[in-house]
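Undergrad: just need the structure, nothing else, for what follows:
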Amino acid sequence: MSRVNKHCAQSSLVWALILASIVLCRFSAAQTQAAPKSADAIALAQRSLTAMGQPAVSGDQVAVVSGTLTQHGPEVTRFPIAIKSKGTSRLRTELTTTQGIRVIVFNNGSGQVQHPNGKIRRLSTESTVSARVGHIPAFSLLAEHQTPATTIKVLPQAVVNGTSMDVLAVGLYSGSTSREAAERAERTQKLIFIDHKTGFVSQIQERNYDQGGSGVYRNVETRYSDYRQAGSIMVPFHQETYANGVLVLELDLDSVSFNVAVDDKEFELK
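TA: I've put the predicted structure just below:
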């Protein structure tokens, strides 16, 4: 395989995994079933969001971050990265590569990649339907636990590296029948591990589906650390993403800003 083709193949994996940790969208199918929610789960979610400084996310909440994305593989490669988001359903990621800037845009359930040469590729809904703003857990699917299309329940506590964790299962619950909605909830389910002492999200486990619509997926785990206060919100300045147990990406943030001016056109799809 040529160096260029090898880079393209690695880039495809990078973007598939980025979709799992930093992308977002909102499922728009008709909601006909009431999403199951437990009072205990709602209380845990609210406690965590309050601890992270964001008990409620508005549709106009803007976040702009910059930092470095490190890709692990046969070679370790680092890229400057900038991420802009609005609410929990719009996101723009700009990655500076040796070929130029690669842009990923998500807007309410649809997404696209614009390559440095200007070519645009639309992304499959299956791979993005349950994604949210993964790099800021306060803006993740956890922030939508009260919405009609989100189901949430408590799982048994876990101990991770000696730390007690509360565990929530959160997913999208939508369909014309209860069975259809339950199947969708299972496919989109995220396991959210919350530090019992601090209330901060420690890791999120989920499935990342291939772009071809084959139903094949990777088990993706994102681990968060180095929480710092940015304005009123606690943000993890370091995160690691594992695919089927192998470290593939690291994201290190340099700066975080909230409620800055971002043009809605930056989230438009072409």
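
Undergrad: can you pull the pLDDT of residue 180?
TA: pLDDT recorded at residue 180 is 87.

Undergrad: just the element for residue 207, please.
TA: Here residue 207 sits within strand 201-209, counting by DSSP states H and E.

Undergrad: quick one: strands adjacent to that strand?
TA: Note on strand 201-209: by DSSP bridges, its sheet partners are strand 190-195 (antiparallel), strand 217-230 (antiparallel).

Undergrad: distance from the chain centre to that strand, please.
TA: 8 Å (CA atoms, centre = their mean, to the nearest Å).

Undergrad: strands of the stretch 51-200 of the chain, residue ranges please.
TA: 62-71, 77-86, 90-97, 100-107, 110-114, 120-122, 150-160, 163-172, 190-195 (DSSP state E, counting those that start in this stretch).

Undergrad: which of these sits closest to residue 256?
TA: The closest of these to residue 256 is strand 62-71. By CB to CB, the value is 4.9 Å. Where you see a C-beta, it was placed from the backbone N, CA and C, and this is true even at glycine.

Undergrad: what is that closest one packed up against?
TA: Applying 3 or more CB pairs under 8 Å, 6 or more residues apart in numbering; DSSP states H and E, one finds that strand 62-71 contacts helix 3-22, strand 77-86, strand 246-258.

Undergrad: lowest average pLDDT across these?
TA: Minimum mean pLDDT among the helices and strands packed on strand 62-71: helix 3-22, a mean of 48.

Undergrad: center of this structure, which residue is that?
TA: Residue closest to the average C-alpha location in the chain (CA atoms, centre = their mean): residue 134, at 2.8 Å.

Undergrad: show me the shaky parts of the stretch 1-150 of the chain.
TA: Confidence mapping of the stretch 1-150 of the chain against pLDDT under 70 gives the ranges 1-33, 129, 131.

Undergrad: what about 90?
TA: 1-34, 54-61, 87-90, 106-111, 122-134, 141, 149 (pLDDT under 90).

Undergrad: okay, the strands of the stretch 51-200 of the chain, which one's buried deepest?
TA: strand 190-195 (a mean of 22; mean count of other CB atoms under 10 Å).
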